[in-house]
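Engineer: the sequence and its predicted three-dimensional model are supplied below.
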Amino acid sequence: MKTEAWILAAATLSAVLGTLAGGGCAGTTNRPADSFFATKVKPTLEYYCLECHNSKSASKFNQFNLETGKLAMTTGLHKPVIRPGKPDESLFFTVLRLGHAEALAMPPAPDKVSEEQLADIRRWIHSGAAWPEGPEGHLKMPH
Ligand code: HEC
C-alpha cells in the first residue's frame, strides 16, 4: 500500500511538473505577440472581414486583402492600412470604430465587433501588429 501511494504521488507530481515545463517551453518558442494574434485577432478577422477582403474579392472592396500579414500590410487604396505601433493612425482600426451611418464603417452593417475585440485589436497594433508567416498567419474562412 505504502509503495502504491508513493507511486501515485510521484505520478501526480511529475504530471504537474510536466504541465509547468510544457507551458514554459511554449512561452519561449512562440513569441507572445504571435500567439496574441492567433488567439485574439485572427479569429475576429476571419469571422468579420475575410468574406470580402480575400484574394478573390478584394478588387471589389478597395483592393484590401487580409489573407496574410504581408498582403494586409501592402494592399488597400489607402495603404498602409495598418501602421504598427499607431492604432489611431491606422485606417484598419479607425474603420472599426465608425458608426454604421459612415460608408467606411467595418464590418458593414449589421455586423459590429465587440468592445473587447476592438480593445484586443488596438492592443495588437499598439504592440507592433506582429502577424506570423506560414499557416498560423494565413486566414481561412470559418466553416
Ligand atoms: C461585406 C463585405 C465587407 C466586409 C465583411 C468587410 N469589409 Fe472592409 N470594405 C468593404 C467595402 C465595400 C469597402 C469600401 C468602402 C468604401 O470605400 O466606401 C471596404 C473598405 C475597407 C477598408 C479601406 C481600405 C482602403 O485602403 O481603402 C478597410 C481598412 C477595411 N475595409 C477593413 C475591414 C475590416 C477590418 C473588416 C472586418 C472587421 C472588414 N473590412 C469587413 C467591404 C467589406
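Structural biologist: Received it, and whenever you're ready, just let me know what you need. Numbers count the residues shown, from 1 in each chain.
Engineer: which residue packs closest to the most centrally placed residue in the chain, ignoring adjacent ones?
Structural biologist: What sits nearest the mean C-alpha location of the chain, by CA atoms, centre = their mean, is Val41, with 2.2 Å. What sits nearest to Val41 in space, not counting adjacent residues and going by CB to CB, 6 or more residues apart in numbering, is Trp124, at 5.0 Å. From N, CA and C alone the C-beta is placed, and that goes for glycine too.
Engineer: again with Thr44
Structural biologist: Distance criterion CB to CB, 6+ apart; nearest residue to Thr44, sequence neighbours excluded, is Gln117 at 4.8 Å.
Engineer: that neighbour touches Lys42, doesn't it?
Structural biologist: No - applying CB atoms under 8 Å, one finds Gln117 not in contact with Lys42, separated by 11.4 Å.
Engineer: what does stretch 129-140 contact?
Structural biologist: Residues outside stretch 129-140 that contact it (CB atoms under 8 Å, 6 or more residues apart in numbering) are 31, 33-34, 36-38, 42, 45-46, 50, 54, 66-70, 72-73, 82, 84-85, 124.
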